[in-house]
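> got a structure for you, letters missing:
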């Protein structure tokens, strides 16, 4: 069952791109930067049997160089070009240099965070490596903490936590209370004039929205957002999944949970491909691969690769569960990343902070 869920997760991320286009008769539809970078994460985790920031950074740079027309934002393009330099010693430095040293708080790290939940069974590893993986391009805590939240949501969904939605939200709040309880996160929140613990505050908003008998799209956008900032998109993706656990009048009756989630994500507008990608990953872990419409899979670029990679990730997941927790993370130069400058206040136009 877990293996099927793993395949589902990655395939749904691909499928979200197809739904954005909505016309499968056009043939194979190309995925965007969301999936391109997620594939790099997966390939690096598999090749190195764990997290290796040097390898992952090189793969990001090479993927962009090989196929630059995937919709990358201007901000991350600058980072990826610097990552390709053979003279670069610290792969975290380009991200730290963004926005005059303040870093990016976009959702580009979160959009590729799902594979960490697939590769590592230990929650501590999921959080640790989702953060480090995001910091390769997003050095602001509001960027990399969004990646942690997304990975947490996928991890919990994979364990069946969405069967009890209120407990699911409570667990996310508990985990993010700890994640955001550090000086860097508090400084960034203060500088950006956000709540003391921004993601926790957004999760409480989700709980409030869930308690209402009816919620309009306008209310969701007003409360949670639909933009390129991680704070304005990761909680939104989580709400989309929770809201669509049950049939909704605004969506076709014959839609299954995955279809409802993706369709609703798109209906919110804004940064649709990334929100749908993140919501699809969480929903996919809950519903399983059998619920994904075959036409979606058939028109997705890279669907066959996704299936093979998912099986290999499943093997890595179980391999990691059999070793000591101190070794489960594979290779990591975390000390270097911990030295990063935490003062942040940067974003840019559409997808620029990704």
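Nice, I can see it. Computed from a prediction, not measured in an experiment: that's the story for all the values here.
> gap between the residue of the chain most remote from its centre and residue 267?
Distance to the chain centre peaks in the chain at residue 87, reaching 29.7 Å (criterion: CA atoms, centre = their mean). Separation of residue 87 from residue 267 (CB to CB, to the nearest Å): 47 Å. Using the backbone N, CA and C atoms, a C-beta is placed for each residue, glycine as well.
> and what of residue 230?
Distance from residue 230 to residue 267, by CB to CB: 21 Å.
> and what of residue 299?
Distance from residue 299 to residue 267, by CB to CB: 21 Å.
> so which of the two has more stuff around it?
residue 299 (20 against 13; other CB atoms under 10 Å).
> that one against residue 27, yeah?
Yes: applying CB atoms under 8 Å, one finds residue 299 in contact with residue 27, separated by 6.9 Å.
> could you list the low-pLDDT ranges of this structure?
Scanning the chain for pLDDT under 70 picks out 1-26, 323-354.
> run the last query once more with 90
1-31, 100, 288-290, 292, 295-300, 303-304, 306-308, 310-311, 314, 317-354 (pLDDT under 90).
> any idea how many residues pack against residue 89?
A count of nearby residues for residue 89, using other CB under 10 Å, gives 7.
> swap in residue 272?
Neighbours of residue 272 (other CB under 10 Å): 19.
> against residue 112, how distant is it?
According to CB to CB, residue 272 stands 17 Å off from residue 112.
> now swap in residue 169 and tell me
In terms of CB to CB, residue 169 sits 23 Å off from residue 112.
> which one's more surrounded, these two?
Set residue 169 next to residue 112 and count neighbours by other CB under 10 Å: residue 112 wins out with 35 against 21.
> so that one makes contact with residue 38?
Yes: between residue 112 and residue 38 there is a contact under CB under 8 Å: 4.3 Å.
> phi, psi of residue 229?
phi -70, psi 140 (degrees, to the nearest 10).
> swap in the one 3 residues further on?
Main-chain dihedrals, residue 232, degrees, to the nearest 10: phi -100, psi 10.
> next, the contact list for it, please.
The contact partners of residue 232, taken as CB atoms under 8 Å, 6 or more residues apart in numbering, are 107, 224-226.
> mind putting the residues you listed into CSV with distance to residue 245?
Output for the contacts of residue 232, formatted as CSV (distance: CB to CB, whole Å):
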residue, distance to residue 245
107, 23
224, 17
225, 21
226, 20
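> from the residues you listed, which single one is nearest residue 54?
Nearest to residue 54 among these: residue 107, at 24.1 Å, using CB to CB.
> and the closest one, its phi and psi?
Main-chain dihedrals, residue 107, degrees, to the nearest 10: phi -100, psi 10.
> ditto for residue 32
phi -100, psi -170.
> also residue 104?
phi -100, psi 140.
> surely it meets residue 96?
No: Residue 104 is beyond contact range of residue 96, at 10.1 Å (criterion: CB under 8 Å).
> so how far is residue 309 from the residue lying closest to residue 94 once chain neighbours are set aside?
Using CB to CB, 6 or more residues apart in numbering and skipping residues adjacent in sequence, the residue nearest residue 94 is residue 82, 3.8 Å away. Counting by CB to CB, the separation of residue 82 from residue 309 is 27 Å.
> what about these two, which has more around it?
Neighbour count, other CB under 10 Å: between residue 82 and residue 309, residue 309 has more, with 22 against 18.
> and stretch 78-91, what's buried?
Buried positions in stretch 78-91, judged by neighbour count with 16 or more other CB atoms under 10 Å: 78-80, 82-83, 91.
> span of it from start to end?
Here the two ends of stretch 78-91 are set 13 Å apart, with distance taken as CA to CA, to the nearest Å.
> what's next to that stretch, contact-wise?
Contacts of stretch 78-91 (CB under 8 Å, 6+ apart): 53-54, 57-58, 60-62, 64-65, 72, 93-95, 97-98, 136-137, 336.
> weed out the non-buried ones from those residues.
Applying 16+ other CB under 10 Å to these flags 53-54, 57-58, 60-61, 64, 72, 93-95, 97-98, 136-137 as buried.
> between these, which is closest to residue 295?
Nearest to residue 295 among these, with distances taken as CB to CB, is residue 72, at 27.8 Å.
> tell me how far that closest one lies from residue 319.
With CB to CB as the criterion, residue 72 and residue 319 are 32 Å apart.
> likewise residue 212?
Taking CB to CB, one finds residue 212 at 44 Å from residue 319.
> who's more crowded, these two?
Using other CB under 10 Å, the more surrounded residue of residue 212 and residue 319 is residue 319, with 15 against 9.
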